[in-house]
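J.: Fold the following, please.
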Amino acid sequence: MDTTEILIKIRKIVRSINLESKKIQKEYGVSIPQVLCLNFLHNSPNYQATQGEIRKFLNLNSSTISGIINRLEKKGYLAKLPKSGDKRVVNIALTS
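T.: This next block holds a predicted model:
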């Protein structure tokens with residue numbers, strides 16, 4: 001398999017992912033990164049994590065994570081809770 005064939009296959013995979021992402025967004029109202037964020041919180045102790053922990057898990061930059069968290073908070077899927085004892089740290093928690 002040569003380089004061109006590999007690039008074509010990668011492009012097909014990327015296109016399939018984009019189409020599936022749009023389908024999920026339309027059907028459920030959340031993006032793939034938002035689903036991954038919710039899943040990470042669901043599997044975290046007490047359904048909570050810091051923004052930094054979420055950022056490391058999803059391998060995204062801080063501003064992108066902030067946007068994901070803000071949109072999920074507006075939809076009521078999660079809440080920002082100040083950490084007791086250290087007001088500089090905010091825990092992100094799933095809501096019921």
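
J.: Would you map the helices across the chain?
T.: Using DSSP state H, the helices assigned to the chain run over residues 3-28, 32-42, 51-58, 62-74.

J.: buried ones in the second one?
T.: Of the residues in helix 32-42, those buried under the neighbour-count criterion (16 or more other C-beta atoms under 10 Å) are Pro33, Gln34, Leu36, Cys37, Leu38, Phe40, Leu41. (C-beta placed from N, C-alpha, C; glycine too.)

J.: could I get those as a markdown table with distance to Asn91?
T.: Below are the buried residues of helix 32-42 laid out as a markdown table (distance: C-beta to C-beta, whole Å):
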| residue | distance to Asn91 |
| --- | --- |
| Pro33 | 19 |
| Gln34 | 18 |
| Leu36 | 18 |
| Cys37 | 14 |
| Leu38 | 15 |
| Phe40 | 13 |
| Leu41 | 10 |
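
J.: Out of these, which comes closest to Phe57?
T.: Using C-beta to C-beta, Phe40 is the member of those that sits closest to Phe57, with 5.1 Å.

J.: Without its sequence neighbours, what residue ends up closest to the closest one?
T.: Ranked by C-beta to C-beta, 6 or more residues apart in numbering and with sequence neighbours excluded, the top spatial neighbour of Phe40 is Phe57, at 5.1 Å.

J.: Would you check that that neighbour makes contact with Leu41?
T.: No: with contact defined as C-beta atoms under 8 Å, Phe57 does not reach Leu41; the gap is 9.8 Å.

J.: So what are the sheet partners of the lowest-mean-pLDDT helix or strand in the chain and their directions?
T.: Lowest on mean pLDDT, DSSP states H and E among the helices and strands of the chain sits strand 86-94, with a mean of 86. Applying DSSP bridges, strand 86-94 is found paired with strand 48-50 (antiparallel), strand 78-83 (antiparallel).

J.: How about residues contacting that strand?
T.: With contact meaning C-beta atoms under 8 Å, 6 or more residues apart in numbering, strand 86-94 is reached by 38, 41-42, 46-51, 54, 69, 77-83.
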